[in-house]
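Enquirer: Test case, fold it:
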Amino acid sequence: MAMNFNRRDLLKGGAALSAASLVSPQGIALDQKHTHAGPGSSPFKPSWNSLRNIPVPQWLRDGKFGIYTHWGIYAVPAYGENATWYANHVYNKPDSDERKHHESTYGPLEKFGYKDFIPMFTASRFDPDEWAELFKNAGARFAGPVAEHHDGFAMWDTKYSEWNAAKMGPKRNVVGELSKSIKQQGMKFLTAFHHAEHWFYFPTWDKRYDASDPRYSGLYGPSHEKGALPDKAFLDVWLGKLIEVVDAYDPDLVWFDYGLRLVQQRYKQDFLAYYFNRASRQQKDVIVTYKDHHLPPGVGIDDLELGREANMTYYEWITDTTIDSGSGWGYVSSLGFKTADELVTGLVDRVSKNGFLLLNVGPKPDGTIPEPAKERLLAMGKWLQINGEAIYGTSPWFVAAEGPTQLKKSGAFNEDNDIHYTPQDVRYTSRDNFLYATCLTWPGDRASFKSLVKDGEKWDLTWPGLYPSEIESIKMLGSDEPIKWEFTKEALVVTTPKVKPCEHAFVYKITLKNPF
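Expert: Take a look at the predicted model:
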């Protein structure tokens, strides 16, 4: 009989238990090399008041922009409003469009289940070096894959399940290969985890389908009653997979999806303490992200799915959005793509408000990235080559934004792909003695910056305290044409070059000096 074990066994090790003797309830041997170092090199305890002392890494504050990939079995059907939820809708919603499509295309679900897509997930043209080079040329400073989505198919060579990309389908260690390629390009490496939601993603309680067959529980998950809380065995594997990836591929950022809410808090604390202490011993800066209130404030960075803050915040946040024009996340053959202008202005807006951008790309089943996605990524890179100094290494300023076009609400799922900015819409960032004023669309012959001028005799609470004598020079990034400027009662008014230096947002670099 397999002996039971405690989650601490994953983290502490010890002489009393050998590696061979530690076996999960599912018969999986557990790694015993995860030992804490001495007190001096393990500063974090598995408690919230200890874990909230992790600073935001400087590399993230400077880098601002990252790319990740949703790539898995779900790329094969490539159908629905959200590729990654295709299988859930097929199994759980008999009247859904996904179910109708599935059965008309592949046959009855009782005959053709999600597992039967795996041989079609070939990755025959997957080139991790090509991906990494593309992401680098797009201007990303951190990148990486979804290591495991809700569907239970791991994208690395895990010991916890045979249902992984190294043993089936592609027969490639996707996480391992991308880790090497991305780091070789000088980018920080991230891994994203959705696997907590695997607990409810498939109806393992429904005897009509293969999801309830014990032979396939490694893919579909352990059988349990509908609505039951995750059990110890499931949580032990959840934790074990995280530690396995951290130890093998050394990610700088671990990103969590909404499923983190399902994980019992001691498991969260144990993983975070392990991850942060390991980084401390390596003298390495790492961070985690989370959504809603699935971690206490200060333990990582809040992630706003398909959203952003409407105003500048005094806390840092990150957006995960997707390059497609909807919420497809993975590759969906029928979806279009955001324009390059939407992507660039979305990055500028977020950075001005103390946020970061994590952009998803969904590759095809053969491992190729769709050409329209490539075009948009390279357009972002071209813009950043000219204007990157207004993004990388910057800080929010006293004022984030001015102009009539504002978001209607803050938070997740407020993304509007139909925003049309006006010449009066401006975003500000700062670095050293430079102030960057970015016009989100071409301003015409002149640009006006109203936030920089005190409103007559009134003491406007939004005035940032800029004196006219504080400006040493103004130029538009990417242009050598001279710029003229003057302070009026209403605004700092500047001329524009005769030739546009780029195709999207346009950045004025204002060099400041001591005004007295």
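Enquirer: So residue 116 sits against residue 106, correct?
Expert: Yes: at 7.4 Å, residue 116 and residue 106 qualify as touching, with contact defined as CB atoms under 8 Å. Every residue, glycine included, has its C-beta placed from N, CA and C.
Enquirer: Need the overlap of contacts for these two.
Expert: Shared contacts of residue 116 and residue 106 (CB atoms under 8 Å, 6 or more residues apart in numbering): none.
Enquirer: For the residue nearest the centre of the chain, give me the pLDDT.
Expert: Residue closest to the average C-alpha location in the chain (CA atoms, centre = their mean): residue 358, at 4.0 Å. On pLDDT, residue 358 comes in at 98.
Enquirer: again, but for residue 320
Expert: As predicted, residue 320 sits at a pLDDT of 97.
Enquirer: Any idea what it is bridged to?
Expert: Note on residue 320: beta-bridge partners by DSSP bridges are residue 305, residue 358.
Enquirer: ditto for residue 401
Expert: With DSSP bridges as the rule, residue 401 is bridged to residue 427.
Enquirer: Which pLDDT value does the model give it?
Expert: 96.
Enquirer: tell me, how many neighbours does it end up with?
Expert: By other CB atoms under 10 Å, the residues close to residue 401 number 21.
Enquirer: Thought residue 427 was touching it, still the case?
Expert: Yes: contact criterion CB under 8 Å: residue 401 and residue 427 qualify, at 5.3 Å.
Enquirer: Mind listing the shared neighbours of those two?
Expert: Contacts common to residue 401 and residue 427, judged by CB under 8 Å, 6+ apart, are 349, 352.
Enquirer: Tell me how far the residue nearest to the centre of the chain lies from residue 142.
Expert: Residue 358 is 8 Å from residue 142, where distance means CB to CB, to the nearest Å.
Enquirer: Could you tell me which residues touch both of these two?
Expert: Common neighbours of residue 358 and residue 142, counting by CB under 8 Å, 6+ apart, are 66-67, 190.
Enquirer: Next up, the contacts around the residue nearest to the centre of the chain.
Expert: Here residue 358 is in contact with 66-68, 190, 255, 303, 318-321 (criterion: CB under 8 Å, 6+ apart).
Enquirer: mind listing which of the residues you listed are in strands?
Expert: Of the contacts of residue 358, the ones assigned to strands by DSSP state E are 66-68, 190, 255, 303, 318-321.
Enquirer: thinking again about what came up before, in CSV, list the shared contacts of residue 358 and residue 142 along with distance to residue 442, pLDDT and neighbour count.
Expert: Putting the shared contacts of residue 358 and residue 142 into CSV (distance: CB to CB, whole Å; pLDDT from 0 to 100; neighbours: other CB atoms under 10 Å) gives the following:
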residue, distance to residue 442, pLDDT, neighbour count
66, 28, 98, 24
67, 27, 98, 27
190, 35, 98, 25
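Enquirer: excluding its backbone neighbours, what's nearest residue 47?
Expert: residue 269 (6.5 Å; CB to CB, 6 or more residues apart in numbering).
Enquirer: tell me the secondary structure for the one you found?
Expert: On the three-state scheme (DSSP: H, G, I helix; E, B strand; the rest coil), residue 269 is labelled helix.
Enquirer: Quick check: it vs residue 49, distance?
Expert: 11 Å.
Enquirer: Same drill for those two, tell me which one is more crowded.
Expert: A direct count of neighbours by other CB under 10 Å for residue 269 and residue 49 places residue 269 higher, at 20 against 10.
Enquirer: just checking, the more buried one touches residue 44?
Expert: No: assessed by CB under 8 Å, residue 269 is found out of contact with residue 44, at 9.6 Å.
Enquirer: what touches both of the two?
Expert: The contact sets of residue 269 and residue 44 overlap at residue 51 (CB under 8 Å, 6+ apart).
Enquirer: Local confidence estimate at the residue nearest to residue 47?
Expert: With respect to pLDDT, residue 269 scores 98.
Enquirer: so who does it touch?
Expert: 46-48, 51.
Enquirer: List the ones among the residues you listed that fall in strands.
Expert: The subset of those located in strands under the criterion DSSP E is empty.
Enquirer: Take those and lay them out in CSV including distance to residue 166, neighbour count and pLDDT.
Expert: Output for the contacts of residue 269, formatted as CSV (distance: CB to CB, whole Å; neighbours: other CB atoms under 10 Å; pLDDT from 0 to 100):
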residue, distance to residue 166, neighbour count, pLDDT
46, 31, 20, 97
47, 36, 11, 97
48, 36, 16, 97
51, 32, 22, 97
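Enquirer: biggest separation within those, which pair?
Expert: Farthest apart among the contacts of residue 269 by CB to CB are 46 and 48. That separation is 9.0 Å.
Enquirer: Show me the strands in the stretch 1-150 of the chain, by range?
Expert: Secondary structure of the stretch 1-150 of the chain (DSSP state E, counting those that start in this stretch): strands located at 65-69, 142-148.
Enquirer: No more questions from me, cheers.
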